[in-house]
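Enquirer: Predicted model and sequence follow; I will ask about them next.
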Amino acid sequence: MIGDRPPGSSEPSRREQIYRVAGRLFSERGYHATSMRDLAAELGIQGGSLYAHISGKEELLSEIVQRAARQFDEALFSLRTEDLTPQERLREAMSRHLTVIAENMETATVFFHEWKHLSPEPLSAVISWRDGIEAFYRELIAQGVEAGVYRLDLNIKMAANLVLSSVNWAYTWYRPGGQLSPQDVAASFEQMLLSGLEQPVLEKPIREKK
């Protein structure tokens with residue numbers, strides 16, 4: 001996780017501790033239900049001491065959301081240059097997307113559920129990011145259509161929204177350490193969702209024996 005840890009230090013800085021605790025409290029209680037006093041109490045410091053490190057609660061929310069966006073960007077966009085088939089690329093995107101969520105459940109919960117509480121400027125940045133991710137998934141599906149592996153009559157926008165919604169919503173039910181890994185979930189989603197995108201395999205006619 002990105003932080004302001006001093007060089008050579010193995011312990012997170014106070015600022016980093018604040019972000020981590022804020023992420024947990026925002027995910028458990030919600031942004032509005034978490035006060036600066038709650039945050040200070042969890043950290044074992046005086047409320048006024050928080051302002052030596054941050055400007056306020058919205059700065060925390062904005063930074064948590066930005067960090068999550070960077071994690072998705074780093075995981076997904078490198079796929080554009082990897083030598084994969086269209087199906088492999090989309091399947092790998094889903095797997096990486098789910099892995100980011102699984103490895104950062106508290107941050108993911110805040111990112112998907114609390115971003116709407118941001119003020120207009122950071123909110124606009126999140127909406128722009130979301131539009132970019134949707135475009136990325138449309139791009140992956142369009143590549144499959146162009147390659148002839150997905151149906152030519154496919155509504156690419158709707159298909160991308162369906163795939164993206166399925167992986168985004170995992171933060172509400174997926175529990176790390178359970179029987180299914182992110183890769184298992186991605187494989188299940190691939191089987192259920194992507195098979196509906198693919199071109200049907202035409203059966204060869206059976207020849208009558210003479």
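Expert: Ah, there it is.

Enquirer: Tell me the pLDDT of the spatially closest residue to Glu63 that is not a sequence neighbour.
Expert: Of all residues beyond its chain neighbours, the one nearest Glu63 is Tyr19 (6.3 Å), with distances taken as Cβ to Cβ, 6 or more residues apart in numbering. C-beta here means a position set from N, CA and C on the backbone, and glycine is covered the same way. Reported pLDDT at Tyr19 in the predicted model: 93.

Enquirer: so who does Tyr19 touch?
Expert: The contact partners of Tyr19, by Cβ atoms under 8 Å, 6 or more residues apart in numbering, come to 3, 60, 63-64, 67.

Enquirer: and Tyr51, that one's in a strand?
Expert: No. Counting by DSSP: H, G, I helix; E, B strand; the rest coil, Tyr51 is not part of a strand but helix.

Enquirer: and it, how many neighbours?
Expert: By the other Cβ atoms under 10 Å criterion, the neighbourhood of Tyr51 contains 10 residues.

Enquirer: any idea of the pLDDT on it?
Expert: Model confidence at Tyr51, expressed as pLDDT, equals 87.

Enquirer: follow-up on the earlier one: check the contacts of Tyr19 for burial and list the buried ones.
Expert: Members of the contacts of Tyr19 that pass the buried threshold by neighbour count (16 or more other Cβ atoms under 10 Å) are listed as 60, 63-64, 67.

Enquirer: What are the boundaries of the helices in the protein?
Expert: Remark: helices assigned in the chain by DSSP state H are 14-29, 36-43, 57-76, 86-103, 105-114, 120-147, 156-168, 182-193.

Enquirer: now for the ones you listed, which one comes closest to Pro176?
Expert: Between Pro176 and the helices of the chain, the shortest separation by Cβ to Cβ is 5.1 Å, and it involves helix 86-103.

Enquirer: For that closest one, list every residue counted as buried.
Expert: When burial is assessed from 16+ other Cβ under 10 Å, helix 86-103 yields the following buried residues: 86-87, 89-102.

Enquirer: counting contacts, what elements does that helix pack onto?
Expert: helix 57-76, helix 120-147, helix 156-168, helix 182-193 (3 or more Cβ pairs under 8 Å, 6 or more residues apart in numbering; DSSP states H and E).

Enquirer: possible to save those as JSON lines with distance to Phe26 and mean pLDDT?
Expert: Formatted as JSON lines, the helices and strands packed on helix 86-103 follow (distance: least, Cβ to Cβ, whole Å; pLDDT from 0 to 100):
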{"stretch": "helix 57-76", "distance to Phe26": "7", "mean pLDDT": "95"}
{"stretch": "helix 120-147", "distance to Phe26": "15", "mean pLDDT": "95"}
{"stretch": "helix 156-168", "distance to Phe26": "18", "mean pLDDT": "93"}
{"stretch": "helix 182-193", "distance to Phe26": "23", "mean pLDDT": "81"}
